[in-house]
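**Student:** Sharing a model prediction with you, sequence too.
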Amino acid sequence: MTKPSAPRPPGSPFDVGYGRPPQNTRFVKGQSGNPKGRPKKAKTPRPTESTQLRDQFLQVLNETVVAREGERTVKISKLDAVLRARIATAVKGNPIAQRDVRQFAMQCQAEQEAERKQELEFWTYYKDNYQRVVQSMQQKGEAVPDNWPHPEDVRISSKGTISFLDAMDEAGRRALQTVARWRDAYLLQAEWEHRQAPASAIRKYFGSTSLALLNGLTADFQLPTRLKLGTDGVCERLIDLAELSRSKLEKALDAQWGALGHPNWRMASHPSIGAVLQARNMPLDEWLSDVVDRPGASL
């Protein structure tokens, strides 16, 4: 039996021994002995082999194979072939394939809808805050990027689709400048036709407006805000053209149509609005839907 230690007299120094750590190294009550906690395990980078395997996998999927579609053969990627085969199996009634195709289709539709919603929110915010952001950048002496479209040129249809009247690259800007020249040529042509034909003849074939003027208005309709004349601007342009002499008007027509590659304007051979749509790179059905979607527009 262990002999109990004798009690320490008051004021005697604290003896250090087994089970008796020094007072200055003892754990303090209510305080952790490792306040920083356990260190996190370092993340090991993915091995290079997995990246190589991924690249090889994608490369194999992108390889082309020959597949038959009805009576003809086509070249498609292996990934495309796998998807087509899976969908064909689902169409034939395989329940597992139907489940896989349905789940993948729902996932794709959900991701597409999320992207569309995100794009709609971005451009709505862009239109609402463009002026404030530009003013802030100008106050700081920062240059506004050239490829930022004007908010009035960002079109959001009733269906939530986004389109741009302004061009986002140099080729698109040149196309818009070409459309503006078409408009100017049509307005010149409208004034010349007005002087050549009596009002009664114009009304007989075109109502109260000549075909050239209709084409000019349509061309102006396709331009962004910075290049657009608008209804008032077109009226002011026609008033100015009416004051030109015959020789100056015909000289301006020669220069305008000649620059566009159509010098035979006197033979009433000026192009129709299809030339404007071609310069704008816009199909006719897209132009018609664009007109219908515009607030207050009618055909």
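**Tutor:** Now that the structure is in, tell me what you want to look at.
**Student:** now the strands for the stretch 51-200 of the chain?
**Tutor:** Along the stretch 51-200 of the chain, counting by DSSP state E, counting those that start in this stretch, strands occupy 64-69, 72-77, 154-156, 162-164.
**Student:** List the buried residues for the first one?
**Tutor:** Read it as strand 64-69. Within strand 64-69, the residues that count as buried by 16 or more other C-beta atoms under 10 Å are A67. From N, CA and C alone the C-beta is placed, and that goes for glycine too.
**Student:** Could you list every helix and strand that it packs against?
**Tutor:** strand 72-77, helix 78-91 (3 or more C-beta pairs under 8 Å, 6 or more residues apart in numbering; DSSP states H and E).
**Student:** circling back to that earlier point, could you save the strands of the stretch 51-200 of the chain as TSV and add columns showing distance to R246 and mean pLDDT?
**Tutor:** TSV is the format used below for the strands of the stretch 51-200 of the chain (distance: least, C-beta to C-beta, whole Å; pLDDT from 0 to 100):
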stretch	distance to R246	mean pLDDT
strand 64-69	63	85
strand 72-77	61	89
strand 154-156	41	82
strand 162-164	41	80
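**Student:** Distance to Q31 added to the ones you listed, as CSV?
**Tutor:** Listed next are these as CSV, based on distance: least, C-beta to C-beta, whole Å:
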stretch, distance to Q31
strand 64-69, 68
strand 72-77, 64
strand 154-156, 60
strand 162-164, 59
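**Student:** for the ones you listed, which one sits closest to L53?
**Tutor:** Counting by C-beta to C-beta, L53 lies closest to strand 72-77 out of those; the figure is 18.8 Å.
**Student:** can you list the residues that contact that closest one?
**Tutor:** With C-beta atoms under 8 Å, 6 or more residues apart in numbering as the test, strand 72-77 has contacts from L61, N62, E63, T64, V65, V66, A67, R68, R84.
**Student:** Check the offset of it from the chain's centre.
**Tutor:** For strand 72-77, the separation from the chain centroid amounts to 31 Å (computed by C-alpha atoms, centre = their mean, to the nearest Å).
**Student:** Repeat that for stretch 97-117.
**Tutor:** Using C-alpha atoms, centre = their mean, the offset of stretch 97-117 from its chain centre is 21 Å.
**Student:** what's the answer for stretch 227-239, then?
**Tutor:** With C-alpha atoms, centre = their mean, you get 30 Å for stretch 227-239.
**Student:** go on, stretch 220-235?
**Tutor:** Offset of stretch 220-235 from its chain centre (C-alpha atoms, centre = their mean): 24 Å.
**Student:** Show me which positions of it end up buried.
**Tutor:** D220, F221, Q222, L223, P224, L227, K228, L229, V234.
**Student:** With secondary structure added, can I get those residues in a markdown table?
**Tutor:** Formatted as a markdown table, the buried residues of stretch 220-235 follow (DSSP: H, G, I helix; E, B strand; the rest coil):
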| residue | secondary structure |
| --- | --- |
| D220 | helix |
| F221 | helix |
| Q222 | coil |
| L223 | coil |
| P224 | coil |
| L227 | coil |
| K228 | coil |
| L229 | coil |
| V234 | helix |
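**Student:** now, the most widely separated pair of the residues you listed?
**Tutor:** The most widely separated members of those, counting by C-beta to C-beta, are P224 and V234 (15.9 Å).
**Student:** related to what we said a few turns ago, tell me the most buried of the helices and strands packed on strand 64-69?
**Tutor:** Mean neighbour count, computed with mean count of other C-beta atoms under 10 Å, is highest for helix 78-91 among these, reaching a mean of 14.
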